[in-house]
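Enquirer: Curious how this folds, go ahead:
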Amino acid sequence: MALAKLGAMYFHQSKLDTINRRQSSLRAYFSWAIQEGHIKENPVRVRNLGELPRAPRSLDERLYHRLLRVVQMHGSKRDAAIMF
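Expert: Numbering: from 1, shown residues only. The predicted model follows:
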């Protein structure tokens, strides 16, 4: 029970990536402890929680200007209206 309480404190209000990283570290540590004969089974039996969707990235300035040139040369009026 003490391990569960400690785990709850350790993961409380952390971001998903942080929780997943911590779980991975704990799984690796306990796997090592099993190989060394310190414990018989791994108490960390949870899977990763997944990832939050990431925000879209913006284009860097070089790619933005390249896209503008392509739209000006080959795009329609609609494409130009979307870009400007």
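
Enquirer: Just the helices from the protein, written as ranges.
Expert: Here the chain has its helices, by DSSP state H, at 2-11, 16-35, 61-74, 77-83.

Enquirer: what stretches of the chain score poorly on pLDDT?
Expert: Within the chain, the stretches with pLDDT under 70 are 1-13, 51-52.

Enquirer: and it, what are its domains?
Expert: 1-41, 58-84 (automatic domain parsing).

Enquirer: quick revisit: kindly compare burial across the helices of the chain and name the winner.
Expert: helix 16-35 (a mean of 14; mean count of other C-beta atoms under 10 Å). C-beta here means a position set from N, CA and C on the backbone, and glycine is covered the same way.

Enquirer: Export only the CA atoms of it, formatted as PDB.
Expert: Below are the C-alpha coordinates for helix 16-35, written out as PDB (Å, rounded to 0.1, in the frame of the first residue of the first chain):
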ATOM      1  CA  LEU A  16       1.500  12.700 -19.800                       C
ATOM      2  CA  ASP A  17       5.000  12.700 -21.200                       C
ATOM      3  CA  THR A  18       6.500  13.100 -17.800                       C
ATOM      4  CA  ILE A  19       4.400  10.300 -16.400                       C
ATOM      5  CA  ASN A  20       5.300   8.000 -19.300                       C
ATOM      6  CA  ARG A  21       9.000   8.800 -18.800                       C
ATOM      7  CA  ARG A  22       8.800   8.100 -15.100                       C
ATOM      8  CA  GLN A  23       6.900   4.800 -15.700                       C
ATOM      9  CA  SER A  24       9.500   3.700 -18.200                       C
ATOM     10  CA  SER A  25      12.300   4.500 -15.800                       C
ATOM     11  CA  LEU A  26      10.700   2.500 -13.000                       C
ATOM     12  CA  ARG A  27      10.000  -0.400 -15.300                       C
ATOM     13  CA  ALA A  28      13.700  -0.400 -16.400                       C
ATOM     14  CA  TYR A  29      14.900  -0.200 -12.800                       C
ATOM     15  CA  PHE A  30      12.700  -3.100 -11.600                       C
ATOM     16  CA  SER A  31      13.700  -5.200 -14.700                       C
ATOM     17  CA  TRP A  32      17.300  -4.700 -13.600                       C
ATOM     18  CA  ALA A  33      16.400  -5.600 -10.000                       C
ATOM     19  CA  ILE A  34      14.900  -8.900 -11.300                       C
ATOM     20  CA  GLN A  35      17.900  -9.700 -13.400                       C
END
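
Enquirer: Alright, that wraps it up for me.
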